[in-house]
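S.K.: sharing a model that was predicted from the sequence below.
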Amino acid sequence: MQVRALTMMDAVFPRATLARDLLLIFGFGAVTALSAQIAFYIGPVPITGQTFAVLLAGALLGSKRGALSQLTYLGLGAMGAPIFAGWMGGPAVLIGPTGGYLIGFVPAAFVVGLLAERGWDRRTWSMALAMLIGNSVIYVFGLSWLSIWLGHFASKSSVLATGLYPFIPGDLVKVVLAAVALPSGWALLNRFGR
């Protein structure tokens, strides 16, 4: 049986309280909302900073709190809070072309959090792999929904050209940033005592 490792936020804020957990959950939901506003519109699916925030939420908070932060984000956005890309809100966004990606945030944060709980966030190579896995989860949901949204006449290549290929360079940059930042954060925490 694998022993659960502390996440970085558990190490930084060691006193486990409901208030701490709620603050982290709502805080990372807010970080996702703000990162959604870093958007470049290239088609029906914009390039945003959201996925980086989602995967960091999982890595820093762990599986349950990471997923809950994204559920909070989606719930508030679905209720009409203008927190999706382009300051949009409401259920129409969730059934639009980006809906699958947004829904994929929850399992992606959970999976990356689960890997972080097993210590994957402490080494560069394993953190990079965790981020790639998290991105893949988002793409499974996003591309599946996008293919439905584009309709039966959309070819596989047009779905990939619209919803995957333009995002690969940015995703690779995010993977590198996380692969350097999280293990470095742990090294600092270990050096200066937790």
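M.R.: The structure has been received and is ready for your questions.
S.K.: where along this protein do the strands fall?
M.R.: Taking DSSP state E, the strands of the chain run over residues 39-40, 47-48.
S.K.: just send those strands back as TSV, with mean pLDDT too.
M.R.: Listed next are those as TSV, based on pLDDT from 0 to 100:
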stretch	mean pLDDT
strand 39-40	90
strand 47-48	91
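S.K.: hey, which of the ones you listed is tucked in deepest?
M.R.: Counting by mean count of other C-beta atoms under 10 Å, strand 47-48 has the highest mean neighbour count of these, with a mean of 20. Heads up, the C-betas are built off the backbone N, CA and C, glycines and all.
S.K.: and the strands of the chain: which comes nearest residue 94?
M.R.: Residue 94 lies closest to strand 47-48 among the strands of the chain, at 15.3 Å (C-beta to C-beta).
S.K.: so what strands line up beside the closest one?
M.R.: As defined by DSSP bridges, the strand partners of strand 47-48 come to strand 39-40 (antiparallel).
S.K.: longest helix in the protein, please.
M.R.: What stands out as the longest helix in the chain, according to DSSP state H, is helix 124-150.
S.K.: residues of that one that come out buried?
M.R.: With burial defined by 16 or more other C-beta atoms under 10 Å, the residues of helix 124-150 counted as buried are 126-128, 130-131, 133-135, 137-139, 141-143, 145-147, 149-150.
S.K.: what packs against it?
M.R.: Packing partners of helix 124-150 (3 or more C-beta pairs under 8 Å, 6 or more residues apart in numbering; DSSP states H and E): helix 50-61, helix 99-117, helix 156-163, helix 168-192.
S.K.: pLDDT weak spots in this structure?
M.R.: Low-confidence segments of the chain (pLDDT under 70): 1-4, 152-153, 193-194.
S.K.: ok, residue 169 to residue 35 distance?
M.R.: Distance of residue 169 to residue 35, given as C-beta to C-beta, to the nearest Å: 17 Å.
S.K.: so the two - more neighbours on which side?
M.R.: Counted by other C-beta atoms under 10 Å, residue 169 and residue 35 do not tie: residue 35 has more neighbours, with 18 against 10.
S.K.: thank you, goodbye.
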